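1. build me a model:
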Amino acid sequence: MHALIEDVNFDIYSEAVELILGAESNGNRVHITGIGKPAHVAGYIASLLSSTGTPAYELHGTEAVHGSSGQVKPGDVVIAISNSGETAELVGTVTTLKNNGAKIISVTGKKESWLAKNSEVFLYAGVSSEGDYLNRAPRASILAEIFILQGLSILLQCKKNVTPEQYIKWHPGGALGKLRDDEKKIS
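-> Now for the predicted structure:
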């Protein structure tokens, strides 16, 4: 994970940011999908992006090939998350989405994977080990995927110049749904 953190800079995100902003300017949308643990990452990132100015929808990774791909219009952007980039169910989903005109941003830990090679934009989220002696259950790879996609969310939020007033409009619940004293305007 340390090596990944050292390699992250704004430049790695430029194509992803341009693809998303271009799609939005054409009236298209952003969807996020994954299989297994990355599906949970997809749900979190869809919520994060939606609360910070980029409406995004979670797309169920396996239901997509059973009708849910109908939520994706030609020109929409789909962020597909998979550590291996080879998960059979996700390959089927991404193939279907591409055949229907979607643009794919892949987030994977394998630079030479099927997913990386079959996406318009590739974001590397690789780790050397999951952090336990079995090296199987997704732990570090999930953190890497979240870390990479949080970076993308920050850049999109900055590009859109999201204000505290806008944020609480989209996130009115909890303590985050109120303006802080230093954010309140004096009238």
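
2. just say helix, strand or coil for T93.
-> For T93, the secondary structure call by DSSP: H, G, I helix; E, B strand; the rest coil comes out as helix.

3. repeat that for E15.
-> helix.

4. that one: how many residues sit nearby?
-> For E15, the neighbour count with other C-beta atoms under 10 Å is 14. All C-beta atoms are positioned from the backbone trio N, CA, C, and that covers glycine.

5. G22 versus that one, what's the distance?
-> Going from E15 to G22 by C-beta to C-beta, to the nearest Å gives 10 Å.

6. and G85, by the same measure?
-> Counting by C-beta to C-beta, the gap from G85 to G22 is 24 Å.

7. neighbour count: these two, which is higher?
-> Between G85 and G22, counted using other C-beta under 10 Å, the more crowded position is G85 (26 against 13).

8. quick one: residues contacting the nearest residue to the more buried one once chain neighbours are set aside.
-> Leaving aside its chain neighbours, G85 sits nearest to S113 (2.5 Å; criterion: C-beta to C-beta, 6 or more residues apart in numbering). Going by C-beta atoms under 8 Å, 6 or more residues apart in numbering, S113 touches S82, S84, G85, E86, S106.

9. again, only using 7 Å
-> S84, G85, E86 (C-beta atoms under 7 Å, 6 or more residues apart in numbering).

10. can you name every helix or strand that the helix or strand where I32 lies contacts?
-> Assigning secondary structure by DSSP states H and E places I32 in strand 30-34. On a contact count with 3 or more C-beta pairs under 7 Å, 6 or more residues apart in numbering; DSSP states H and E, strand 30-34 meets helix 37-51, strand 56-58, strand 77-82.

11. neighbouring contacts of that strand?
-> Contacts for strand 30-34 (C-beta under 7 Å, 6+ apart): 20, 41-42, 45-46, 49, 54-59, 61, 64, 71-72, 76-82, 93.

12. and for stretch 179-187?
-> P164, I168.

13. roughly how far is it from the heart of the chain?
-> 32 Å (C-alpha atoms, centre = their mean, to the nearest Å).

14. what does stretch 138-148 give?
-> 12 Å.

15. average model confidence for that stretch?
-> Mean pLDDT, stretch 138-148: 96.

16. next SSE downstream of the lengthiest helix in the chain?
-> Longest helix in the chain by number of residues, with DSSP state H as the criterion: helix 140-159. Next along the chain after helix 140-159, taking DSSP H and E as the criterion, comes helix 164-170.
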